[in-house]
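# output the structure for:
(one chain, ligands or ions: 2)
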Amino acid sequence: MDFAAEYAAKLTTADQAVQCIHSGDWIDYGFGLGIVDTLDKALAKRMPQLEDVKIRGAILLKRPAIFDIENAPAHFCWNSWHMSGIERKACMEDIAYYNPIRYSELPSYCLYEIDDIQVAMFRVAPMDSFGYFNFGPNASHQYAILERADKVIVEVNTNMPRCLGGWGTGVHISKVDMIVESDNAPLETIPKGGKPSEVDQKVAELIVNEIPDGACLQLGIGGMPNAVGALIAKSDLKHLGVHTEMYVDSFVDMARAGKIDGSKKNLNPGRQVYAFGQGSKEMYDYLNDNPECMMAPVDYTNDPRTISQIDNFISINNTVDIDLFGQVSAESSGIRQISGAGGQLDFVLGAYLSKGGKSFICCSSTFTNKKGETFSRILPILHPGSAVTDTRANTHYVVTEYGMVNLKGKSTWERAEGLISIAHPDFRQQLIEEAEKMHIWRKHNAHVNV
Ligand SMILES: CC(=O)SCCNC(=O)CCNC(=O)[C@H](O)C(C)(C)COP(=O)(O)OP(=O)(O)OC[C@H]1O[C@@H](n2cnc3c(N)ncnc32)[C@H](O)[C@@H]1OP(=O)(O)O
Ligand SMILES: CCCC(=O)O
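Ligands and ions are numbered 1, 2, ... in the order given. All right, here's what the predicted structure looks like:
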């Protein structure tokens, strides 16, 4: 096949490519680092002539140009699989809406249930000699979108790392309708976390004590899991493995510190497995063409049946709030959507099924808002409207800077006692009084320090 000739025939401008988008269409904009940029700017010029365009995407690292057109909600809506700060702000502008989904189910939802997708656009790496455009660190559910899209447009960016893996890591030119060469803007990054706070340090110490040599790690999205990872890189742990949904900078720190060799993994030994990645330029450079790293679609990485096959699986995720029954709300506060369910429950379920596996839900004991008011993250009941990300039947270990409790199988009074014992001391008495009113407190509980 003469891929160069096919490339030349399909090459077009962004302005020309977006002419195929019409009012009422469902459009896929990519995912994370794969979200289009040059095509977005072109669509922002066309969008004022269109109505009711429905766009899907997730974890924006940059505010798309379409969000800033005049009277945006009249022209389109953004439907997010998982919200970053940019998307949660856009919710308040009536542009963005959240699609609740357990992340491992996203590819099958796209394959078997989603309405037709008229146009799918992805930001990709340059075509290789075999005619493939690599997705960069975004296997996620992209293969499923390709199956369902009527038209596929790729936006080539020479800065996109080439992420190797198992399957679903790129698209062949034969399946692409149009190719747009971007202005090769630098990729968006998440800066490496600074010095871990004292709270992060305490939480990390508690978790590190529970990790055996040879364990396999998953770190969730957000500041705290990353800080825990950075401290694992400085620990004495050995022969760690990686099997995660999101690849983050602290895995690079651990690998460079010689903590990761994957030698004890009983699935994909030696490989660091992930579904997508977001981080620093250093992390993108590390992933580029690195055969140790294996990117695979999320219905593989996050399937609890996959996770369960890996012994000593350690899952570390963050939460927004948790109630005294052990219901974890990791994605919203009341009706305010903060992020999304993501793969948290996938990993909580999978780690529990793993021989020697444990899942840790961690958080600081308090949250201070922009007005400087401080609240306990351990609440008697969740705020009205808060989504339950992990049901109380599934929650395993919960960690704050005041300690760690294992809630699995515990009765309501044991949960209340355990959670209050790791709440901030300033809130313990109040929590006990609420627990008493809710009839989940026994006289026996009195040994909690207040
Ligand atoms: C990715 C994987 O590998 S798999 C599974 C991982 N996936 C998940 O865990 C999904 C759910 N979890 C998450 O999305 C994240 O871990 C979070 C939201 C819990 C924490 O992420 P972070 O980026 O560290 O959150 P951060 O502390 O910056 O808070 C985000 C926002 O929530 C607000 N917030 C946080 N906690 C609270 C709270 N208790 N009450 C009210 N608002 C809160 C913050 O003020 C901030 O709002 P802002 O954007 O207006 O400033
Ligand atoms: C898209 C999912 C990200 C997460 O699980 O947090």
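# what is the neighbour count of Lys202?
Lys202 sits with 18 neighbouring residues when counted by other CB atoms under 10 Å. Where C-beta positions appear, they are placed from N, C-alpha and C, glycine not excepted.
# can you give me the pLDDT of it?
Predicted confidence (pLDDT) for Lys202: 95.
# check the gap between it and Ser359 for me.
19 Å (CB to CB, to the nearest Å).
# with Ser23 instead?
45 Å.
# neighbour-wise, which of those two wins?
Per other CB under 10 Å, whichever of Ser23 and Ser359 has more neighbours is Ser359, with 28 against 11.
# quickly list what the more buried one is bridged to.
Per DSSP bridges, the residues bridged to Ser359 are Ser315.
# isn't it right up against Leu353?
No: counting by CB atoms under 8 Å, Ser359 sits too far from Leu353 to count as a contact (10.4 Å).
# by proximity to ligand 2, which residue of the stretch 151-300 of the chain wins?
Ile221 (3.7 Å; CB to the nearest ligand atom).
# and if you look at the chain?
Residue of the chain nearest ligand 2, by CB to the nearest ligand atom: Gly342 (2.0 Å).
# and that residue, which helix or strand is it part of?
Taking DSSP states H and E as the definition, Gly342 sits outside all helices and strands.
# could I get the contacting residues of it?
If you count contacts by CB atoms under 8 Å, 6 or more residues apart in numbering, Gly342 has them with His82, Tyr103, Gly220, Ile221, Glu245, Ala330, Glu331.
# ok, 6 Å please
His82, Tyr103 (CB atoms under 6 Å, 6 or more residues apart in numbering).
# quick check: phi and psi on it?
With angles defined as degrees, to the nearest 10, Gly342 sits at phi 50, psi -140.
# and the pLDDT at it?
So, for Gly342, pLDDT stands at 97.
# can you give me the distance of it to ligand 1?
3 Å (CB to the nearest ligand atom, to the nearest Å).
# could you do Val448 as well?
22 Å.
# please confirm that Tyr7 is located within a helix.
Yes: per DSSP: H, G, I helix; E, B strand; the rest coil, Tyr7 lies within a helix segment.
# what residues are up against it?
So Tyr7 contacts nothing (CB under 6 Å, 6+ apart).
# and it, what pLDDT?
98.
# for the stretch 101-250 of the chain, which residues are neighbours of ligand 1?
Contacts of the stretch 101-250 of the chain with ligand 1, taken as CB under 6 Å from any ligand atom, map to Gln218, Gly220, Ile221, Gly222, Gly223, Thr244, Glu245, Met246.
# my guess is the second one meets Asn317, correct?
When you say that, I think you mean Gly220. Yes: Gly220 is in contact with Asn317 according to CB atoms under 6 Å; the separation is 3.4 Å.
# Leu11 bridge partners, please.
Going by DSSP bridges, Leu11 forms beta bridges with Ile179.
# burial measure for it, as a count.
13.
# what about this protein, any weak spots by pLDDT?
446-447 (pLDDT under 70).
# so what touches the lengthiest helix in it?
When the chain is parsed with DSSP state H, its longest helix is helix 425-437. By CB under 6 Å, 6+ apart, the list of residues contacting helix 425-437 from outside reads Leu324, Ser376, Pro380, Ala416, Ile420, Ala423, Trp441, Val450.
# and the two most separated of those residues?
Ser376 and Trp441 (16.3 Å; CB to CB).
# residues in contact with Val398?
Ile361, Val405 are the contacts of Val398 under CB under 6 Å, 6+ apart.
# tell me the secondary structure of it, please.
Under three-state DSSP, Val398 comes out as strand.
# that one bridge partners, please.
Beta-bridge partners, per DSSP bridges, of Val398: Ile361, Val405.
# and for the closest residue to Tyr132 other than its chain neighbours, the neighbour number?
Excluding the flanking residues, the one nearest Tyr132 by CB to CB, 6 or more residues apart in numbering is Gly170, at 4.5 Å. Using other CB under 10 Å, Gly170 has 28 neighbouring residues.
# and Gly170, how far from ligand 1?
Gly170 is 22 Å from ligand 1, by CB to the nearest ligand atom.
# what about that residue, distance to Lys41?
24 Å.
# how near is the residue of the stretch 351-450 of the chain found nearest ligand 1 to Arg415?
Across the stretch 351-450 of the chain, the shortest distance to ligand 1 (CB to the nearest ligand atom) belongs to Phe367, at 3.7 Å. Distance of Phe367 to Arg415, given as CB to CB: 20 Å.
# these two: which has the busier surroundings?
Arg415 (24 against 14).
# and the stretch 301-450 of the chain, which residues reach ligand 1?
317-321, 330-331, 333, 338-339, 342-344, 347, 367, 377.
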